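# Just to be clear, the model below is a prediction. Sequence and coordinates:
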Amino acid sequence: MRMRKKKHGSERLSALSALLCRDAAALRTDPRAVFGRTAPVRLEIGCGKGDFICALSEREPEYDYVAMEKVDDVLVAAMEKYASRRGLGRLGVHGGWDAPDGTNYVGGAVWQIPLSLRGNVRFLSGDAKELGEWFAPGTLDGIYANFSDPWTKKGYEDRRLTAPGFLTLYARLLRPGGFFRFKTDNAALFAYSLETVAASPLTLTFHTEDLHASERAAENVMTEYERNFTEKGVKIRALEAYRPL
Ligand SMILES: C[S@@+](CC[C@H](N)C(=O)[O-])C[C@H]1O[C@@H](n2cnc3c(N)ncnc32)[C@H](O)[C@@H]1O
């Protein structure tokens, strides 16, 4: 996702950093302490500006979610969207973050948002290749990857989020019966992903070349990219696979 550098991006990230996962050991060993409750944890890789995770976490509040993104200027947009949708304030007119009590967190100040107000999403600044540092084997209930980069240049296939190495990693981190769901506009990446999933430890249970015309249309949660592609008439492909029980 291309994005202009955000003005005061790191300060804006600091203001809401209570929503960030910073301690890999804490998330690995005790996700209950991170979320303040016991619930199945689902992960979105490459959350972009957060439309999907905001809508999904409201629609399915019985789950906890980690939204991972490798570009901080994009991540901060997702965090601000989530915070404002949860009634946790808004961007200050003159910069910083305005909390509901009127305090303006600016210049790197951190709002220690009470755990009870943080809701069921935490954000993670990082690359999917580091997932094994953040999650213990067999602990994730589900993994979503939406409209990830196709990495078409020769020699870069390993970076695709459906490359064999990533699928093996997901299978290790998912609980038995946990799912991997993938959506893309890209026909070539989808064909590639059907092959890699078939050869992976995951079991393919569903796939469609036209998600919005499929039986999954009603339950589908749109992402930013999905909305753009759909407006242009591009069909959305989707697949679902499970870690066998
Ligand atoms: C094409 S955008 C799609 C954003 C969003 N998922 C959507 O569907 O609207 C892909 C996003 O994934 C992020 N991303 C790509 N590879 C990643 C990786 N290996 N780890 C974490 N984030 C990644 C990019 O920075 C970008 O924001």
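Okay, I see it.

# just checking, what's the longest strand in the protein?
Ordering each strand of the chain by length in residues (DSSP state E) puts strand 174-184 first.

# So for it, what gets flagged as buried?
For strand 174-184, burial by neighbour count (16 or more other C-beta atoms under 10 Å) applies to L174, R175, G178, F179, F180, R181, F182, K183, T184. For every residue, glycine as well, the C-beta is placed using N, CA and C.

# so what secondary structure elements neighbour that strand?
Counting contacts by 3 or more C-beta pairs under 8 Å, 6 or more residues apart in numbering; DSSP states H and E, strand 174-184 packs against strand 140-146, helix 187-198, strand 237-242.

# and that strand with helix 187-198, angle?
Counting by axes from the mean of the first three to the mean of the last three C-alpha atoms, to 10 degrees, strand 174-184 lies at 160 degrees to helix 187-198.

# For strand 174-184, the averaged confidence score.
Here strand 174-184 scores 98 as its mean pLDDT.

# Direction included, what does that strand pair against?
Using DSSP bridges, the strands paired with strand 174-184 are strand 140-146 (parallel), strand 237-242 (antiparallel).

# Comparing those, which comes out most buried?
Counting by mean count of other C-beta atoms under 10 Å, strand 140-146 has the highest mean neighbour count of the strands paired with strand 174-184, with a mean of 23.

# hmm, that strand in reach of the ligand?
Yes - using C-beta under 6 Å from any ligand atom, strand 140-146 reaches the ligand at N146.

# Format the strands paired with strand 174-184 as JSON lines; extra columns: mean pLDDT.
Supplementary listing: these in JSON lines, determined by pLDDT from 0 to 100:
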{"stretch": "strand 140-146", "mean pLDDT": "98"}
{"stretch": "strand 237-242", "mean pLDDT": "98"}
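
# Ramachandran angles for S200?
With angles defined as degrees, to the nearest 10, S200 sits at phi -100, psi 180.

# what residues does this structure put near the ligand?
1, 45-48, 68-71, 74, 127-128, 146-149, 223-226.

# re the thing from before, run through who's touching the longest strand of the chain.
With C-beta atoms under 8 Å, 6 or more residues apart in numbering as the test, strand 174-184 has contacts from 138-148, 150, 161-162, 167, 170, 190, 193, 197, 202, 211, 223, 226, 236-245.

# any idea how far the ligand is from G107?
27 Å (C-beta to the nearest ligand atom, to the nearest Å).

# any idea how far that residue is from A83?
Between G107 and A83 the distance is 18 Å, computed by C-beta to C-beta, to the nearest Å.

# Going by distance to the ligand, which of the buried residues of strand 174-184 wins?
K183 (7.3 Å; C-beta to the nearest ligand atom).

# chain center to the strand or helix carrying L13, what's the gap?
Assigned by DSSP states H and E, L13 belongs to helix 9-15. From the chain centre to the centre of helix 9-15 is a distance of 19 Å (C-alpha atoms, centre = their mean, to the nearest Å).

# Just the buried positions in that helix, please.
G9, E11, R12, L13, S14, A15.

# Now the fifth one: closest residue in space that isn't a chain neighbour?
Nearest-residue entry for S14: G108, 4.8 Å, with adjacent residues in sequence omitted and distances by C-beta to C-beta, 6 or more residues apart in numbering.
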